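A.B. asks: Fold the following, please.
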Amino acid sequence: MRAIFLGLWFLLNVYSGFSQLQKEVEPPFHIKTAAFFQDGKMVLPMFQLNDNFHFEFDDLHGDEADYYFEIVHCDYDWKKSELAKAEYLNGVDGQRIQDYLTSFNTVQLYCHYRMPFPNRFMSFRVSGNYIIQILNSDREVVFSRKFVIYEDRVSVPMVIKRPRTLKDIEYKQNVEFSIKSQDILFQAPLQNVKVWLLKNGDFKTGITNIKPQYTIGNDLIYRYDKETQFWGGNEYRFFENKDIRAANNFIAKIESKETYIAYLYPDNARANQPYTYAPDVNGIYQVQNLNSQNNAVEADYAWVYFRLVAPTYMGNDGVYINGMFNNWSLAPEFKMDYNTEGGYFEKALILKQGFTNYQYVIASENGKIDYENAPDGNFYQTENNYFALVYYRENGQRYDRIIGKGSASSIDISN
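C.D. replies: Predicted structure coming up:
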């Protein structure tokens, strides 16, 4: 009887471990510029199986602390998959990160850590959703990041169209797409095929659980209206401090004290203004120091002061600054404070120098973003990049593969 009880207890604990939702752990204040890189550039964390890429971050303590990494494989809904580690990795994880350098010729001291994938310890065996966890010397999770590995087994043609409903036609963008394959004969596609739609690569704001509207042979067609709509938003704002001592491109002035300080010109809310075409890079962030040879360790940090003039907005929700530079985070660190005397929102963030796209969003404490009342408004003309990740689990298979990725830009939006 005792053996049966222990067996049931073990099975329940294993099952609960598999069913637990895997959420990203926000990095502490001293961890900055945590991102994925490919060919020397910061990129969205979507990679084809067997691609080469890096995960990198800075520790502002600069004490060359020991960090370790672990890889977790997840299902479509970001719950830990049933696969054992040996089934999704060749080799082992849990290794200490050995590639790190201390910053050189910078005012702000930091230590830069870099992990290539695949590496001499491991490579990926299967596609799917993944989380990389960074651990300290006590094997406690310091922070984590999501990324995806996909296969090129299907094509996903996509078009961006204006909504069909008059109340949304000026403010939203609709994604229509299909899934086509020459070598996969889909089994029960209504149950086995799943899609994740992303706007500008922001994992926190995707649309999920969309079933094919109908099929033509082996092609799956998605021509919904309301179910695949995104708020158009507005073009991202930007500033550039590649030369950290120069005030240019929306920087009003620079000061040099314990660290560099950059004061941006005040931003005015644009919700009630006409749309203006101002090309952006859809939230992308690139580290660069014009006077260095190795941006990873020679780019400096600066305190950047933001101001948003939006006196008509004083709701219960908070105003946040985000973009790729902070993984579109809504952590308290990025919540703006309201200056009652000046009538504006303000915040100072410490950021690595380069080219930074950013946006202002309104969100509740539980992380729900109010897109409809965005400080900068919503316009169907806004240029956004959209992605569709296609998941497939054959009958009897124990994990969700990602068999393809599609992309499209709303610059060619049509009626």
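A.B. asks: Domains in the protein, by residue range?
C.D. replies: The record's domain split for the chain, according to automatic domain parsing, is 20-150, 158-232+382-412, 237-363.
A.B. asks: could those be laid out in JSON lines, adding mean pLDDT and distance to residue 369?
C.D. replies: (C-beta placed from N, C-alpha, C; glycine too.) Below are those laid out as JSON lines (pLDDT from 0 to 100; distance: least, Cβ to Cβ, whole Å):
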{"stretch": "domain 20-150", "mean pLDDT": "96", "distance to residue 369": "16"}
{"stretch": "domain 158-232+382-412", "mean pLDDT": "94", "distance to residue 369": "7"}
{"stretch": "domain 237-363", "mean pLDDT": "93", "distance to residue 369": "5"}
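A.B. asks: Rebuild the ones you listed as a markdown table, extending it with distance to residue 371 and mean neighbour count.
C.D. replies: Formatted as a markdown table, those follow (distance: least, Cβ to Cβ, whole Å; neighbours: other Cβ atoms under 10 Å):
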| stretch | distance to residue 371 | mean neighbour count |
| --- | --- | --- |
| domain 20-150 | 20 | 17 |
| domain 158-232+382-412 | 4 | 18 |
| domain 237-363 | 8 | 17 |
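A.B. asks: closest to residue 375 out of those?
C.D. replies: Set against residue 375 and scored by Cβ to Cβ, the domains of the chain come closest in domain 237-363, at 4.5 Å.
A.B. asks: Please report phi then psi for residue 204.
C.D. replies: phi -80, psi -10 (degrees, to the nearest 10).
A.B. asks: Just give the nearest non-adjacent residue to it, would you?
C.D. replies: residue 328 (5.4 Å; Cβ to Cβ, 6 or more residues apart in numbering).
A.B. asks: can you pull out the helices in the chain?
C.D. replies: For the chain, helices defined by DSSP state H occupy the ranges 2-19, 85-88, 189-192, 295-298.
A.B. asks: before we move on, the earlier item: so what's the residue nearest to residue 204 up against?
C.D. replies: Contacts for residue 328 (Cβ atoms under 8 Å, 6 or more residues apart in numbering) come out as 202-205, 283, 322.
A.B. asks: Over to residue 370?
C.D. replies: 317, 361-364.
A.B. asks: again, only this time at 6 Å
C.D. replies: residue 362 (Cβ atoms under 6 Å, 6 or more residues apart in numbering).
A.B. asks: just residue 192 next, same as before
C.D. replies: If you count contacts by Cβ under 6 Å, 6+ apart, residue 192 has them with residue 393.
A.B. asks: Try it again at 10 Å.
C.D. replies: 186, 391-395, 397, 400 (Cβ atoms under 10 Å, 6 or more residues apart in numbering).
A.B. asks: now, among those, which is nearest to residue 310?
C.D. replies: Using Cβ to Cβ, residue 391 is the member of the contacts of residue 192 that lies nearest residue 310, at 39.2 Å.
A.B. asks: Am I right that that closest one is in contact with residue 156?
C.D. replies: No. Here residue 391 lies out of contact with residue 156, judged by Cβ atoms under 10 Å, at a distance of 11.9 Å.
A.B. asks: list the residues that contact both of the two?
C.D. replies: Joint contacts of residue 391 and residue 156 (Cβ under 10 Å, 6+ apart) are 195, 403-404.
A.B. asks: Just put these in a markdown table and tack on distance to residue 172.
C.D. replies: Converted to a markdown table, those look like this (distance: Cβ to Cβ, whole Å):
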| residue | distance to residue 172 |
| --- | --- |
| 195 | 19 |
| 403 | 29 |
| 404 | 25 |
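A.B. asks: which ones among those are found in strands?
C.D. replies: Mapping the shared contacts of residue 391 and residue 156 onto strands (DSSP state E) picks out 195, 403-404.
A.B. asks: Format the contacts of residue 192 as a markdown table; extra columns: distance to residue 104.
C.D. replies: Formatted as a markdown table, the contacts of residue 192 follow (distance: Cβ to Cβ, whole Å):
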| residue | distance to residue 104 |
| --- | --- |
| 186 | 53 |
| 391 | 43 |
| 392 | 47 |
| 393 | 48 |
| 394 | 51 |
| 395 | 56 |
| 397 | 49 |
| 400 | 43 |
